[in-house]
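> kindly return the folded structure for what I paste below:
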Amino acid sequence: MNNIREEYKSAKKSKFMQAVFIGALAGAAVSLFDKNTRMSVLENSKSCVSNMKAFVNNPNGILTQVRDTSAKVRSTVEKISDDVSFISQKVEEMKDIPAQVAQVVMETKEVFTHENEEESSTNHLQQERISLN
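Residues are numbered from 1 along each chain as shown. Just a heads-up that it's a prediction; the model follows:
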C-alpha cells in the first residue's frame, strides 16, 4: 500500500503529463486559426452530438447493430479459418507430390535404361553376325 502512495506522490510531482496536456491544448488552439479546420471540427462535433443523442434515445438499436456486426465478424473469421484449414491441407498434399514425381521419374529411367540395354545388346548381336558373315 505504501508503494502505491509513493508512486502517486512521485507521479503528482512529475510535470511531464501536465506539460503534454498543455501542449496538446495549445496545438489544438493554434490549429483552430484555420477556417477549414474550425468548420471541420464544428461539423464533426455536431455529428458526434447527434450520434450520442440517437444512442441515448434508442440504445437497443445500437446494441442490435453491434450484435449484428459481431455476428458478421464471427462468421467471416470462421470462413477464413475454414479456408486456411483447406489451404494447409492442400499444401500438405502437395508436399507428397515431389516424392511421387521422383518415384515416377526413377521408374521411367529404369524402363528406358532397361530398353536401351536390350537395344544395345541386340545391336551388338547383329554386328557380331555381320562380322561373322
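
> sticking with the residue nearest in space to the middle of the chain, tell me its helix or strand.
Within the chain, one residue has its C-alpha closest to the average C-alpha position: by Cα atoms, centre = their mean, that is Ile80, at 10.3 Å. Ile80 belongs to helix 59-132 when assigned by DSSP states H and E.

> just to revisit the earlier point, so what pLDDT did the residue nearest to the centre of the chain get?
Looking at Ile80, its pLDDT reads 93.

> from Asn60, how far off is it?
Here Ile80 is placed at a distance of 30 Å from Asn60 (Cβ to Cβ, to the nearest Å). Backbone N, C-alpha and C define where each C-beta goes, glycine included.

> kindly report the same for Asp82.
Per Cβ to Cβ, Asp82 is found 33 Å from Asn60.

> equivalent analysis for Ala54, please.
Per Cβ to Cβ, Ala54 is found 12 Å from Asn60.

> pLDDT score for Asn58?
If you check Asn58, the pLDDT there is 83.

> same check, this time on Asn44
So Asn44 comes in at 93 (pLDDT).

> do Glu110 as well
We have a pLDDT of 81 for Glu110.

> and it, how many neighbours?
Other residues near Glu110 come to 10 when the count uses other Cβ atoms under 10 Å.

> and the gap between it and Val104?
For Glu110, the distance to Val104 (Cβ to Cβ) stands at 11 Å.

> next one: Gln89
Taking Cβ to Cβ as the criterion, Gln89 is separated from Val104 by 23 Å.

> Ser14 now?
For Ser14, the distance to Val104 - Cβ to Cβ - is 73 Å.

> so how far is the helix holding Ile80 off the chain centroid?
For helix 59-132, the gap between its own C-alpha mean and the chain's C-alpha mean amounts to 25 Å (Cα atoms, centre = their mean, to the nearest Å).
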